[in-house]
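*Asks:* Take a look and give me a structure for this.
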Amino acid sequence: MSAKAPECGWDQAVFRCGRCGTQYTATTEADYLKVVGAHGDAHAVWDRLNPIERDGITSILRTILSAPDLAVELLALADRQPTEGDGR
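*Replies:* The predicted structure follows:
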């Protein structure tokens, strides 16, 4: 009789950012890759902003993320606005 080998796979993985100290725990490889990618992208955007831009985007994100309906309406409004030079 042969013993069944235990399944290999993910239990969980912890991501710790060496730059800011943020820590995330993911239970799947896909979630881990998503978290690491999004966090790296956030650092890349943040690094490009000056202090005034950082304050502005932080304020805007706090407002929009606390009101999802507002975000939807702002995007719809932006889509309806003519581009410069259209003469509308």
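*Asks:* Go ahead and flag the most central residue of this structure.
*Replies:* Ala38 (4.5 Å; C-alpha atoms, centre = their mean).
*Asks:* And whichever strand or helix holds that one, what's buried?
*Replies:* Taking DSSP states H and E as the criterion, Ala38 maps to helix 29-48. The neighbour-count check on helix 29-48 (16 or more other C-beta atoms under 10 Å) flags Asp31, Tyr32, Val35, His39 as buried. The C-beta positions use only the backbone N, C-alpha and C, and glycine is treated the same way.
*Asks:* Out of these, the closest to Leu77 would be?
*Replies:* His39 (30.0 Å; C-beta to C-beta).
*Asks:* returning to that earlier point: could you give the average pLDDT over the helix holding Ala38?
*Replies:* Throughout helix 29-48, pLDDT has a mean value of 97.
*Asks:* ok so, going back, with distance to Val72 as new columns, can the buried residues of helix 29-48 be given to me in a markdown table?
*Replies:* Shown next, in a markdown table, are these (distance: C-beta to C-beta, whole Å):
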| residue | distance to Val72 |
| --- | --- |
| Asp31 | 26 |
| Tyr32 | 30 |
| Val35 | 25 |
| His39 | 25 |
